[in-house]
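Undergrad: fold the following and give me the result.
(3 chains)
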Amino acid sequence: DGVAVLPAPQNLSVHSTNMKHILTWSPVVVPGQTIYYSVQYQGEYESLYLSHMWIPSHWDSPIAKPECDVTDDITATVWYNFRVSATLGSQTSAWSILEHPFNRNSTVLTPPKTEVTKDGSHMVIELEDLGPHLEFNVVYWRSEPDAEERSKLIKNGGISVHLQTMEPGAKYCAKAQTLVKAIERRSAFSRVECVEVEGEALPL
Amino acid sequence: GQEFQFGFCHVQGVKLQVLRKAFGTLRDTVQAQDNTTSVRLLRKEILQNISDAESCYFIRALLKFYLKAVFRNYYRQASELRLRRALSTLTNNFLALASALQPREEDKVFSLAESARRRFLQVQGAFQQLDVEAALIKAIGEVDILLTWMEKYYQ
Amino acid sequence: EDKPNLLQHVRFQSWNFENILTWESGPDSTQDTVYSVEYKVYGKKPWLAKEGCQQITRQSCNLTAETSNLTELYYYAQVTATSPGGQTTKKRSTRFNLLQDTAIKQPDVTCVPKVSSVQVVIHPTFTPIRGQDGRPQTLQDIFQDLLYRLQLQVNHTYAMHLEGKQKEYEFFGLTPDTEFLGNVVIFIPNWYKKSAPYVCRVKTLPDRTWTYS
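TA: So this is what the prediction gives:
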């Protein structure tokens, strides 16, 4: 069967942002040929108790490009190892293993993109959809001295959510941050966005 | 929110729903292989009346047993990929849980540790009375019983 | 000797803890095949005959009363099918987990339109399960993390969301004399259970007060 003459992929690394984890490596180049890659993973449990045990990535059909979304493989906040091999026809390379195991608690959390709008007297916010692992903490207030800040937990992005009903002649502002309970971390807040309702303030 | 509080032991970052979904994938396969319907390892009498303070000692012993003696030997049988992936989710989350369950030395109460150990030995004893394969299948098939008991300590 | 297949797919079907055992006739069964049901608590020895489901021809049996103990939780049932000629087939259900395997029906809700708001009142859902005091238990008594998720679609672009454990909610700041679509769901996060939605279409009342210029 295939003798390992094909070089193993090098420079494996994981790039993780907002709990989306992408494994990349340097491509194996054979002019005029398409190289396919197989990715396997091992959690900390397997490496401790069953070190020979590797599990094909969810993205397990051979991959033609030198990267793989391993988000669905990483389902616990422990260390994960990855390995990649290259295949060309009947030739298969040796496995190349990620130099440093990856833990999802190192993911980079960015403030969510937000859009604060008004519909009549209603203050509405839309947050970008960042996948199932992230929730959003939205803080909103009426722009006036000693304003009381209120907050709302929004479970998923990609939808418009009503924040509050506004009074004419007042300005209302909001900012948001992402929350990830699985790793007990949150992002910085997004920039503040405000909307104003025309008309005069109601007499007291 | 969403954390375990076993007496003095506090654990964040492990979600009960993730554990239940992973077990849900294994459940039908593993429980269908368990034909000793008259034997239950995690018996109601063992699990009830565990005080908060004792719960950390008990869950530590149980998780250690599952991680070292049960899950490890079931990987071979979980040949189907979706079962192996579900098992990996379960074991790695149990590992994260077990690693975080470190009662502080000053909280150590010998009598509680001893009581928890006696409870655990009842489970282990029942496990050892069964044939090896049957015991493995039964222990894995009872993870839902374990998770339902753990839910009492989940906020 | 070739065993007859008089029976298949023995399983529990459960809604709000109403636990019904159902099965299907097998390829070898006839109109005259009769069925007898037994049940047991997982971990206990005896199989117990279910009164009222012995030698029956129908293919379902209500085991609610026998499988409603919140301190046991795990049950089996088995059905024995007997052909007129005395041949039998016995099949067992999978292990029934009382909390895991019950589906949640849509909530019982009343939507009350007002001039610039819609009030939503959620009525408790009682189950066949009784507490130690003998009182019927509600879903909320049984599932400590149960919560209600309410949504009022204001227009095609956005919706108002409310969520909580209480029974009464109100969506404020609405335009009078306008139609809205409300939706209420029971959600049990720890069991990742979600009920079918209760949907109500309501119209806020016309604003008959004098308007001030």
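Undergrad: where are the low-confidence patches of chain B?
TA: Within chain B, the stretches with pLDDT under 70 are B:1, B:103-108.
Undergrad: give me the nearest residue to the closest residue to chain C within chain B, chain neighbours excluded.
TA: Nearest residue of chain B to chain C: B:R40, at 2.8 Å (CB to the nearest CB). No exception for glycine: its C-beta is placed from N, CA and C like everyone else's. Take B:R40 and drop its neighbours on the chain: the residue closest to it by CB to CB, 6 or more residues apart in numbering or on different chains is C:G43, 2.8 Å away.
Undergrad: the worst-scoring helix or strand of chain A on mean pLDDT and chain C in contact?
TA: Lowest by mean pLDDT, DSSP states H and E among the helices and strands of chain A is strand A:160-165, with a mean of 91. Yes - using CB under 8 Å from any CB of the partner chain, strand A:160-165 reaches chain C at A:160-162, A:164-165.
Undergrad: give the contact list for the residue nearest to A:M166 when sequence neighbours are not counted.
TA: Nearest non-adjacent residue to A:M166, counting by CB to CB, 6+ apart: A:V197, 4.7 Å away. Contacts were defined as CB atoms under 8 Å, 6 or more residues apart in numbering or on different chains; by that measure A:V197 touches A:118, A:121, A:166-170, A:172.
Undergrad: in chain A, where is pLDDT below threshold?
TA: Chain A contains residues with pLDDT under 70 at A:1-4, A:60, A:200-204.
Undergrad: on that earlier part again, A helix includes the residue of chain B closest to chain C, no?
TA: No - counting by DSSP: H, G, I helix; E, B strand; the rest coil, B:R40 falls outside a helix, being coil.
Undergrad: circling back to that earlier point, can I get the buried part of the contacts of A:V197 as one PyMOL selection?
TA: Only the buried entries of the contacts of A:V197 go into this PyMOL selection, using 16 or more other CB atoms under 10 Å in any protein chain shown:
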select buried, chain A and resi 121+166+172
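Undergrad: export the contacts of A:V197 to CSV and tack on secondary structure?
TA: Shown next, in CSV, are the contacts of A:V197 (three-state DSSP):
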residue, secondary structure
A:K118, strand
A:S121, coil
A:M166, coil
A:E167, coil
A:P168, coil
A:G169, coil
A:A170, coil
A:Y172, strand
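Undergrad: need the contacts of A:V197 in JSON lines with distance to C:G26, can you?
TA: Listed next are those as JSON lines, based on distance: CB to CB, whole Å:
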{"residue": "A:K118", "distance to C:G26": "65"}
{"residue": "A:S121", "distance to C:G26": "65"}
{"residue": "A:M166", "distance to C:G26": "66"}
{"residue": "A:E167", "distance to C:G26": "70"}
{"residue": "A:P168", "distance to C:G26": "72"}
{"residue": "A:G169", "distance to C:G26": "76"}
{"residue": "A:A170", "distance to C:G26": "72"}
{"residue": "A:Y172", "distance to C:G26": "67"}
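Undergrad: follow-up on the earlier one: just say helix, strand or coil for the residue nearest to B:R40.
TA: Under three-state DSSP, C:G43 comes out as coil.
Undergrad: that one and C:L73 touch, don't they?
TA: No - taking contacts as CB atoms under 8 Å, C:G43 lies outside contact range of C:L73: 10.4 Å.
Undergrad: enumerate the residues of chain A near chain C.
TA: A:119-122, A:124, A:126, A:154, A:159-162, A:164-165.
Undergrad: correct me, but A:A188 touches A:Q177?
TA: Yes - with contact defined as CB under 8 Å, A:A188 reaches A:Q177; the gap is 6.5 Å.
Undergrad: any common contacting residues for those two?
TA: Counting by CB under 8 Å, 6+ apart, the residues touching both A:A188 and A:Q177 are A:P111.
Undergrad: who's more crowded, these two?
TA: Using other CB atoms under 10 Å in any protein chain shown, the more surrounded residue of A:A188 and A:Q177 is A:Q177, with 19 against 10.
Undergrad: so the helix or strand hosting that one versus strand A:160-165, what angle?
TA: In the assignment (DSSP states H and E), A:Q177 maps to strand A:171-180. Here strand A:171-180 runs at an angle of 130 degrees relative to strand A:160-165 (axes from the mean of the first three to the mean of the last three CA atoms, to 10 degrees).
Undergrad: can you list the strands that strand A:171-180 pairs with?
TA: Using DSSP bridges, strand A:171-180 pairs in its sheet with strand A:135-142 (antiparallel), strand A:185-186 (antiparallel), strand A:193-196 (antiparallel).
Undergrad: what's the spacing between it and its chain's center?
TA: Offset of strand A:171-180 from its chain centre (CA atoms, centre = their mean, to the nearest Å): 18 Å.
Undergrad: which ones are touching the residue nearest to B:I59 when sequence neighbours are not counted?
TA: Once flanking residues are discounted, B:I59 sits nearest to B:F6: 5.3 Å by CB to CB, 6+ apart. Going by CB under 8 Å, 6+ apart, B:F6 touches B:52, B:55-56, B:59, B:101, B:153.
Undergrad: so which of those residues are in strands?
TA: Judged by DSSP state E, the contacts of B:F6 include no members of strands.
Undergrad: from these, list the buried ones, please.
TA: With burial judged by 16+ other CB under 10 Å, the buried subset of the contacts of B:F6 is B:55-56, B:59, B:101, B:153.
Undergrad: tabulate these in TSV, adding columns for distance to C:S36.
TA: Compiled in TSV, the buried ones among the contacts of B:F6 are given as follows (distance: CB to CB, whole Å):
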residue	distance to C:S36
B:S55	43
B:C56	47
B:I59	42
B:L101	48
B:Y153	42
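Undergrad: could you work out the most separated pair of these?
TA: Greatest spatial distance among those (CB to CB): B:L101 and B:Y153, at 10.9 Å.
Undergrad: ok so B:V123 is a strand residue?
TA: No - counting by three-state DSSP, B:V123 falls outside a strand, being helix.
Undergrad: correct me, but it touches B:L62?
TA: Yes - with contact defined as CB under 8 Å, B:V123 counts as touching B:L62 (7.0 Å).
Undergrad: mind checking the SS state of A:Y80?
TA: strand.
Undergrad: for it, give me its contacts.
TA: If you count contacts by CB under 8 Å, 6+ apart, A:Y80 has them with A:41-44, A:70, A:73-74, A:101-104.
Undergrad: at 10 Å what do you get?
TA: Contact partners of A:Y80, counting by CB atoms under 10 Å, 6 or more residues apart in numbering or on different chains, are A:14, A:21, A:23, A:41-44, A:46-47, A:70, A:73-74, A:98, A:101-104, B:88, B:92.
Undergrad: where do the contact lists of C:G43 and C:L73 overlap?
TA: What both C:G43 and C:L73 touch, as defined by CB under 10 Å, 6+ apart, is the set B:44, B:145.
Undergrad: strands along chain B, start to end?
TA: Using DSSP E, the strands of chain B run over B:3-6, B:9-12.
Undergrad: what residues does chain C have near chain A?
TA: Contact residues (CB under 10 Å from any CB of the partner chain) of chain C with chain A: C:116-117, C:149, C:151-152, C:154-163, C:171-175, C:212.
Undergrad: would you list the phi and psi of A:E144?
TA: With angles defined as degrees, to the nearest 10, A:E144 sits at phi -160, psi 160.
Undergrad: count of neighbours near it?
TA: As a burial measure, A:E144 scores 10 neighbours (other CB under 10 Å).
Undergrad: likewise A:G158?
TA: Residue crowding around A:G158 was assessed by other CB under 10 Å; the count is 10.
Undergrad: find the closest residue to chain B in chain C.
TA: With CB to the nearest CB, the shortest gap between chain C and chain B falls at C:G43, namely 2.8 Å.
Undergrad: report the contact partners of that residue.
TA: C:G43 is in contact with B:36-44, B:126, B:142, B:145, C:72, C:74, counting by CB under 10 Å, 6+ apart.
Undergrad: alright, that wraps it up for me.
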